[in-house]
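> Just need the structure, nothing else, for what follows:
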Amino acid sequence: MPPSATHLRLSDVEPKPRWMTSWEKLKHKEAHWFVEMVAEMLGAFLLVYAGVGATAAFVVGSITGQVGMGSLYTIGFAYATGVTFAISLCAATSGGHFNPGITIMFVVFRGFPLRKAARYIFAQILGAYITCMIVYVQWKDLLVIAENILIEKGLYDTVMFSSSGPAGVFGFYVAPSVNLLRVLLNEFVTDFVIGLVVWGCLDPTNHMIPPSAAPILIGLAFGLAGWSYSPVGVATNTARDLGGRLAAMTIWGLNAVGGRYEYAAIAALGNIPATLCAALVYELFLGSTTRTLTPNHIHFLRAHKQYYEDNNLAPYGYLEGLNPQRNRSASLQSDLYEKSQTEVVEVFDNHV
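Predicted coordinates:
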């Protein structure tokens with residue numbers, strides 16, 4: 001398809017090699033569901049790989065007495081970086097959920113298809129599990145050294161399956177003396193804050209947050225959770241918790257479940273009602289359907305909708321509202337956008 005003044009595609013400027021052409025057609029149509037699942041898995045991989053690796057450094061360094069291998073700050077910063085990478089690289093393909101709580105939030109508030117949601121949740125948990133197993137292989141020699149030190153000091157039974165032990169690199173645990181009601185409150189409020197930030201970043205009428213800023217803001221929200229509230233006990237992500245716990249059980253057996261089964265439920269499920277509550281509060285008090293979409297969001301959403309239309313993929317949610325009958329301000333922004341696209345096409349034609 002030749003380039004037009006309205007839509008300039010990457011294939012118009014940078015055609016794919018022949019060996020990629022067939023796959024391009026397949027992945028945008030029949031295999032699009034599979035590509036979305038891979039994107040969710042890769043997003044989970046990026047955030048878990050960053051966070052679990054930093055946690056491994058902190059735990060091993062603490063047990064072996066090696067100063068400077070990690071800290072609470074490096075763990076929080078690693079998760080913030082991983083979330084930023086995940087959204088920046090994978091969200092354009094799948095929407096960037098990477099968390100069953102976010103997917104369920106989309107089901108409730110955006111009409112996200114249930115079958116698609118089930119595929120996403122499976123991909124997220126599987127991605128987190130595979131990532132934890134990869135990190136274990138990378139860190140195995142040092143983790144074994146840490147285990148042997150705990151055995152020599154007689155601390156294996158008390159430390160191994162705790163947040164300070166090697167199993168705590170992958171699974172989430174709390175101390176036997178910790179009040180679980182306070183842990184539940186800590187999990188709920190922390191996840192509520194993250195959910196509020198996520199939903200605010202998804203609001204196309206929020207003029208303070210352009211789409212390009214969303215990955216950084218959401219990453220900082222996860223960093224805040226690690227820096228401020230992880231010592232009390234916080235998981236923030238069902239996929240991260242279940243994937244990590246299953247990995248720990250694969251490595252060390254059923255002992256890795258942890259002695260407090262109630263906390264396992266809090267870690268795995270606590271973020272879901274908190275995320276839903278955050279979206280509800282934002283919709284009731286902070287969002288407004290009478291506000292106009294920002295210029296950045298108009299371009300962002302229209303490009304996304306055009307992709308769905310070009311590949312015969314049914315748009316969902318508010319994307320259906322981006323039709324030719326737009327209001328005056330949207331039309332003005334569209335005219336400016338089309339003018340800029342025309343200039344790009346002219347440059348392209350002159351170059352060719």
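> so K29 touches N311, yeah?
Yes: counting by C-beta atoms under 8 Å, K29 does reach N311; the two are 5.8 Å apart. All C-beta spots, glycine's among them, are computed from the backbone N, C-alpha and C.
> per-domain residue ranges of this protein.
Domain segmentation of the chain under automatic domain parsing yields 32-286, 292-351.
> looking at these, which one has the lowest mean pLDDT?
Least confident of the domains of the chain, judged by mean pLDDT, is domain 292-351 with a mean of 61.
> and of the domains of the chain, who's closest to D12?
domain 292-351 (7.4 Å; C-beta to C-beta).
> helices or strands up against the top helix by length along the chain?
Looking across the chain with DSSP state H, the single longest helix is helix 114-152. Identification of packing neighbours for helix 114-152 by 3 or more C-beta pairs under 8 Å, 6 or more residues apart in numbering; DSSP states H and E yields helix 32-64, helix 100-110, helix 156-159, helix 238-252.
> Repeat the analysis, applying 10 Å as the threshold.
helix 32-64, helix 72-94, helix 100-110, helix 156-159, helix 238-252 (3 or more C-beta pairs under 10 Å, 6 or more residues apart in numbering; DSSP states H and E).
> closest to P273 out of those helices?
helix 100-110 (8.6 Å).
> Using PDB, write out every CA atom in that closest one.
Provided in PDB are the C-alpha atoms of helix 100-110 (Å, rounded to 0.1, in the frame of the first residue of the first chain):
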ATOM      1  CA  PRO A 100      -3.600 -10.500  36.400                       C
ATOM      2  CA  GLY A 101      -4.900  -7.600  38.600                       C
ATOM      3  CA  ILE A 102      -4.500  -5.200  35.700                       C
ATOM      4  CA  THR A 103      -6.100  -7.600  33.300                       C
ATOM      5  CA  ILE A 104      -9.100  -8.200  35.600                       C
ATOM      6  CA  MET A 105      -9.400  -4.400  35.900                       C
ATOM      7  CA  PHE A 106      -9.700  -4.100  32.100                       C
ATOM      8  CA  VAL A 107     -12.400  -6.800  32.100                       C
ATOM      9  CA  VAL A 108     -14.500  -4.900  34.700                       C
ATOM     10  CA  PHE A 109     -14.000  -1.300  33.500                       C
ATOM     11  CA  ARG A 110     -13.100  -1.600  29.800                       C
END
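> how about the spatially most central residue of the chain, phi and psi?
Centroid-nearest residue in the chain, with C-alpha atoms, centre = their mean: F98, separated by 3.7 Å. Here is the backbone geometry of F98 (degrees, to the nearest 10): phi 60, psi 10.
> could you dump the helices and strands packed on helix 114-152 to TSV with mean neighbour count?
Below are the helices and strands packed on helix 114-152 laid out as TSV (neighbours: other C-beta atoms under 10 Å):
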stretch	mean neighbour count
helix 32-64	22
helix 72-94	21
helix 100-110	21
helix 156-159	15
helix 238-252	24
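> Leaving out the residues flanking it, which one is nearest to the residue nearest to the centre of the chain?
Once flanking residues are discounted, F98 sits nearest to G43: 4.1 Å by C-beta to C-beta, 6 or more residues apart in numbering.
> doesn't V83 make contact with that neighbour?
Yes: using C-beta atoms under 10 Å, G43 makes contact with V83 at a distance of 8.8 Å.
> got any residues that touch both of the two?
96, 98-99 (C-beta atoms under 10 Å, 6 or more residues apart in numbering).
> Mind putting these into CSV with distance to A118?
Below are these laid out as CSV (distance: C-beta to C-beta, whole Å):
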residue, distance to A118
G96, 18
F98, 15
N99, 15
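> now, among the residues you listed, which is nearest to T131?
The closest of the shared contacts of G43 and V83, once distances to T131 are taken by C-beta to C-beta, is F98, at 11.4 Å.
> which ones are touching that closest one?
39-48, 82-83, 86-87, 90-91, 120, 123-124, 127-128, 237, 239-240.
> Likewise for I121?
I121 makes contact with 40, 97, 99-101, 103-104, 238-239, 242 under the criterion C-beta under 10 Å, 6+ apart.
> if we go to 8 Å?
Each residue near I121 by C-beta atoms under 8 Å, 6 or more residues apart in numbering is listed here: 100, 103, 238-239.
> Nearest to L286 among those residues?
Closest approach between these and L286, by C-beta to C-beta: T103, at 21.7 Å.
> who's in contact with the closest one?
97, 112, 117, 120-121, 124.
> any chance of those in TSV, plus distance to G270?
What follows is the contacts of T103, written out as TSV (distance: C-beta to C-beta, whole Å):
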residue	distance to G270
H97	18
F112	21
A117	19
Y120	20
I121	16
Q124	16
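> can you tell me which two in the residues you listed are farthest apart?
F112 and Q124 (13.8 Å).
> Am I right that E283 is in contact with M105?
No: with contact defined as C-beta under 8 Å, E283 does not reach M105; the gap is 10.7 Å.
> overlap in contacts of these two?
W199.
> between the shared contacts of G43 and V83, which is nearest L202?
G96 (9.7 Å).
> what are the phi and psi values for that closest one?
Phi and psi for G96, reported as degrees, to the nearest 10, are phi 70, psi 50.
> Can you name the residues that contact G258?
Taking C-beta under 8 Å, 6+ apart, we find G258 in contact with 161, 171, 173, 245, 264.
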